[in-house]
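>>> How does the following fold in three dimensions:
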Amino acid sequence: MREKDAAGGLASSFGPLELAILEIHWGRGSEMDVAESCAHLPGDPAYTTVKTVMERLVRKGRLSRRKHGRAYVYRATESREEVVERLAAQSARRLVDGFGALAVTGFVDSLKGDAEQMAHLRELLERAARDGGRDA
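The predicted structure is shown next:
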């Protein structure tokens, strides 16, 4: 996966502060409390705002939390790569469900001129044909 490819998809799936918080947690890979998260965010956001957004991410299943002393510490529930893969698969499924063959045709047409992506698509199709369509 190329980083730039996923940036737009993530930005369309999360609010700016949600994504900034997740990026910090993905990058650090360790538990952090709200104050630590605030310290790594640009623009000096309010502690209460960050706490509210982190709690929303817990409800959405994007962060987990556990009590540590008097505070909660938070951790991302999935890696950045796992989130990107899941969101991409969900988006593709919605397009195919909504537009059928037109979505597939549009997707292939959008790759014209990108030899690397066309080669990757060809490889995936060949693998799917060999595997009988399972887990391409």
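
>>> who touches the biggest helix by length in the chain?
Using DSSP state H, we find that the single longest helix of the chain is helix 80-99. Contact with helix 80-99 is made by 1, 6, 9-10, 13, 22-23, 26, 62, 78, 103-104, 106-107, as judged by C-beta atoms under 8 Å, 6 or more residues apart in numbering. All C-beta atoms are positioned from the backbone trio N, CA, C, and that covers glycine.

>>> May I ask which of the residues you listed has the most neighbours?
In terms of neighbours by other C-beta atoms under 10 Å, the contacts of helix 80-99 top out with L22 at 21 neighbours.

>>> quick one, what contacts it?
Contacts for L22 were tallied using C-beta under 8 Å, 6+ apart; they are 14, 57, 62-63, 76, 80, 83.

>>> Next step: the residues you listed restricted to helices.
Using DSSP H, the members of these that fall within helices are 57, 80, 83.

>>> where does V73 land in three-state SS?
Assigned with DSSP: H, G, I helix; E, B strand; the rest coil, V73 falls in the strand class.

>>> Point to the helix or strand of this structure where mean pLDDT is at its lowest.
Least confident helix or strand of the chain, by mean pLDDT, DSSP states H and E, is helix 3-13 with a mean of 72.
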